[in-house]
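Just a sequence and a predicted model for now, questions to come.
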Protein chains: 4
Amino acid sequence: MDKPLKKPSRIQIRNRKVILEAALEVFSRYGFRGATLDQIAEQAAMSKPNILYYFEGKEAIHDALLTRLLETWLDPLREMDAQGDPKSEILGYVRRKLDMSRDFPRESRLFANEILQGAPRMMPVLEGELKALVDEKVAVIRGWIAAGKMAEMDPYHLIFSIWALTQHYADFDSQIRAVLGHDGAIAEAEPFMEALFTRLLAR
Amino acid sequence: MDKPLKKPSRIQIRNRKVILEAALEVFSRYGFRGATLDQIAEQAAMSKPNILYYFEGKEAIHDALLTRLLETWLDPLREMDAQGDPKSEILGYVRRKLDMSRDFPRESRLFANEILQGAPRMMPVLEGELKALVDEKVAVIRGWIAAGKMAEMDPYHLIFSIWALTQHYADFDSQIRAVLGHDGAIAEAEPFMEALFTRLLAR
Amino acid sequence: MDKPLKKPSRIQIRNRKVILEAALEVFSRYGFRGATLDQIAEQAAMSKPNILYYFEGKEAIHDALLTRLLETWLDPLREMDAQGDPKSEILGYVRRKLDMSRDFPRESRLFANEILQGAPRMMPVLEGELKALVDEKVAVIRGWIAAGKMAEMDPYHLIFSIWALTQHYADFDSQIRAVLGHDGAIAEAEPFMEALFTRLLAR
Amino acid sequence: MDKPLKKPSRIQIRNRKVILEAALEVFSRYGFRGATLDQIAEQAAMSKPNILYYFEGKEAIHDALLTRLLETWLDPLREMDAQGDPKSEILGYVRRKLDMSRDFPRESRLFANEILQGAPRMMPVLEGELKALVDEKVAVIRGWIAAGKMAEMDPYHLIFSIWALTQHYADFDSQIRAVLGHDGAIAEAEPFMEALFTRLLAR
DNA sequence: AATGAATGAGAGTTCATTCAT
DNA sequence: TATGAATGAACTCTCATTCAT
């Protein structure tokens, strides 16, 4: 006897959203194993059994978060246009990633936690969808290089460097704030990034 | 009334080392709360109570790891010499950090886990020792810039970019291997890093 | 941020009562450290985690018992009336204490255990509330003595002797039964006590 | 193969004494189950295994203490002489018991702990040796009463009252000190006891 | 005679999940 | 749809005892 799978009511939709929001807060800080349903329930202002009414279990909530994350996580890279100008395309990508670190730092940390732990749940996506996308964009960049439109370099590590530099501001936020002694690091980082990539790409 | 603190025997030294090695493996993957003494005991091939014979508790093991880590973690930055040539000093720093990511990836992930969780145990060190060291080196870099020896830029973010770029290869190792389809990313990264920072620093 | 502290349900009230009853049985026999949650759980016919659903921990149960005990433990002494006749007031106190030893022997043993161990949890109450009450009643007795209404004696040790003689029948119950070879020692003790204190107080 | 049972060396004798002294300290405070070998070892300034070299186990130490205690515990009562004068015999007994509470309070508390827990280890002694001794002395007292040498009363409860009054000063010491605000309660108690029993026994 | 090292059993407690309503 | 009540499994840690020297 399978679940009925009726169309979710308005209340269902809202509560699933509330739970995911709370779970994001908790999972992004403590990782999957370190987070507890109690914390999520408290954050969501719901009872624990009620949370399990909306999701099969702790893992299902985490999976839902990762799935939801993946829907948008790769968008900034997807938008990189082979027909566009290399410098503006790549700088645009950097900017979009920095925006994500500013607007969705918890999502970035959720992702970082998953990767740090060896990507037990996301490895298939990394080896499949992500690798395919990266391979495609690497080909694009190789084309730009071959056409003499940008400096020669290893496109894989160019992409890695964009990931590293931008996500760092979300993932290592607490360290950065401790060192700087103030907030707003990302705003300061933007011109630095622009200079860095401008110089890196210049022929 | 403190513990007697007798000189540790050879067995004590060896077993404490074995435990720390096992704990590093486990904590670096799952974070403090996600790791269990069972996992550490299994990894160390010891009984759980025997582990607690050598360390006061789970937290004490973790603390010992962090303390040990801090002894060397800042060394690469400390070595940056104000009297040296900016380019070779900074490239040297990058190289040393890349070496650490290659040789001590678990230490890097242990650190990343701590920071991701908001640095509950290391915040005082970040705000104290680390901030002081960074401030000092920022002054050095400002001196180089003022002397016209390197391009103008925000020295804080220069340092952050080095941390981000080098540690990424340890912390996001599983993602990098999935995308590349092969090992040895750090070896490939070295020339990329050299080019990147050479271009960034050039006047 | 305190707990919400909702009004306890009927089940909560009943189960907390069941647990305290079971805990009294166990703590009064083995003392705080000697008692185990397993014993309490068995006695209460509940699972261990369910007990911890109603109380924060082992210590909280013990504290609740001591607190509940204190609410009534000092009542017999409080009732001693300065306006009354010394002999009937003091004999009345003795009778009330004997009644307590008959009706609440486990409470008496719980108290004895706490005192035997140096009153680690109740010392403040002993030095505060209890001392104040005793001091007050000592003044009353001194008044009676000064008024020539009873024999001269140290009122503190008069009170101690009442405590000792009455609580002994609860605390050393197993010894008394072993020596007598039968139950009902307290009933036998009553006339003995009456004679003892009558002769002691007489001018 | 039985133990050799050689004659104990001087060092054995001394160490067994040290251990028993330490164990008395610990058992008298925390009871059998509440006490730990670690505490005893610390108190004895010996290693735990060394303690178990001299005694079969925790229970054996406790048994040895109880056995040693019994050798002298009943002496004060035994000394009560049928040929003597009732008043001086009984007052003498009271005095000897008070002396024991002053000089051996830990032994008294050890005994109290055992009885409080239902005398799991000493019940046979209570029902055997102790009951026999008490029965014998009860007969003596009955003789005195029959001979008109002292007031009529239940001799069992007379003996219980002596136990209760005298041991109270050792067992409830912490409470007494809290109420009095000073030490030396037993010295104060002596004249009180003398008056009490003098009046009680008088024809 | 003595002790550092080691462990199985069990302690108090947490937690994801289920039950009952 | 919601939640108090309940629990088995697992977690950290303690303790009496044993092992090895």
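Good, I have the coordinates.

Burial check on residue A:165, number of neighbours?
Residues lying near residue A:165 (other CB atoms under 10 Å in any protein chain shown) number 25. Yep, even glycine has a C-beta here, placed from its N, CA and C like the rest.

what helices or strands is the helix or strand where it lies leaning on?
Secondary structure from DSSP states H and E places residue A:165 in helix A:155-171. Secondary-structure packing of helix A:155-171 (3 or more CB pairs under 8 Å, 6 or more residues apart in numbering or on different chains; DSSP states H and E): helix A:86-103, helix A:105-116, helix A:131-146, helix A:185-201, helix B:105-116, helix B:155-171, helix B:173-180, helix B:185-201.

what about 6 Å?
helix A:86-103, helix A:105-116, helix A:131-146, helix B:155-171 (3 or more CB pairs under 6 Å, 6 or more residues apart in numbering or on different chains; DSSP states H and E).

Identify the residues contacting the last one?
This points to helix B:155-171. A:116, A:161, A:164-165, A:168, A:189, A:192, B:94, B:97-98, B:101, B:105, B:108-109, B:112, B:138, B:141-142, B:185-186 (CB atoms under 6 Å, 6 or more residues apart in numbering or on different chains).

what's the distance between residue A:120 and residue B:11?
36 Å (CB to CB, to the nearest Å).

again with residue A:32
Distance from residue A:32 to residue B:11, by CB to CB: 37 Å.

With neighbour numbers in mind, choose between the two.
Neighbours per residue (other CB under 10 Å) separate residue A:32 from residue B:11, with residue A:32 holding more: 22 against 9.

which stretch of helix or strand covers the more buried one?
helix A:10-34.

helices and strands around that helix, which ones?
With contacts defined as 3+ CB pairs under 6 Å, 6+ apart, the packing partners of helix A:10-34 are helix A:37-44, helix A:48-54, helix A:58-73, helix A:105-116, helix B:10-34.

Next to DNA strand F, which bits of chain A? Give me the list.
A:9, A:11, A:12, A:15, A:46, A:47, A:48, A:49, A:50, A:53 (CB under 7 Å from any atom of the strand).

Turn those into JSON lines, columns for pLDDT.
Listed next are the residues of chain A next to DNA strand F as JSON lines, based on pLDDT from 0 to 100:
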{"residue": "A:9", "pLDDT": "82"}
{"residue": "A:11", "pLDDT": "86"}
{"residue": "A:12", "pLDDT": "88"}
{"residue": "A:15", "pLDDT": "94"}
{"residue": "A:46", "pLDDT": "96"}
{"residue": "A:47", "pLDDT": "96"}
{"residue": "A:48", "pLDDT": "96"}
{"residue": "A:49", "pLDDT": "96"}
{"residue": "A:50", "pLDDT": "96"}
{"residue": "A:53", "pLDDT": "96"}
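
Which one (most neighbours) among those?
residue A:15 (19 neighbours).

So which bits of the helix holding residue A:32 are buried?
A:15-16, A:18-20, A:22-34 (16 or more other CB atoms under 10 Å in any protein chain shown).

same deal with stretch A:138-146?
Result for stretch A:138-146 [16+ other CB under 10 Å]: buried residues A:138, A:140, A:141, A:144, A:145.

Now do the same for residue A:151: helix, strand or coil?
What DSSP: H, G, I helix; E, B strand; the rest coil gives for residue A:151 is coil.

how much space between the closest residue to DNA strand F within chain A and chain D?
Proximity to DNA strand F, evaluated over chain A using CB to the nearest atom of the strand, is greatest for residue A:49 at 3.2 Å. As for residue A:49, its distance to chain D is 38 Å (criterion: CB to the nearest CB, to the nearest Å).

Next, work out how far apart that residue and residue A:18 are.
Applying CB to CB to residue A:49 and residue A:18 gives a distance of 15 Å.

Repeat that for residue A:157.
Applying CB to CB to residue A:157 and residue A:18 gives a distance of 41 Å.

do the same with residue A:144
For residue A:144 relative to residue A:18 (CB to CB), the value is 45 Å.

now do residue A:160
Taken as CB to CB, the span from residue A:160 to residue A:18 is 36 Å.

Please apply the same query to residue A:139.
Counting by CB to CB - residue A:139 and residue A:18 are separated by 42 Å.

Dump the helices and strands packed on helix A:10-34 into JSON lines; add distance to residue B:90 as well.
Compiled in JSON lines, these are given as follows (distance: least, CB to CB, whole Å):
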{"stretch": "helix A:37-44", "distance to residue B:90": "42"}
{"stretch": "helix A:48-54", "distance to residue B:90": "50"}
{"stretch": "helix A:58-73", "distance to residue B:90": "32"}
{"stretch": "helix A:105-116", "distance to residue B:90": "26"}
{"stretch": "helix B:10-34", "distance to residue B:90": "28"}
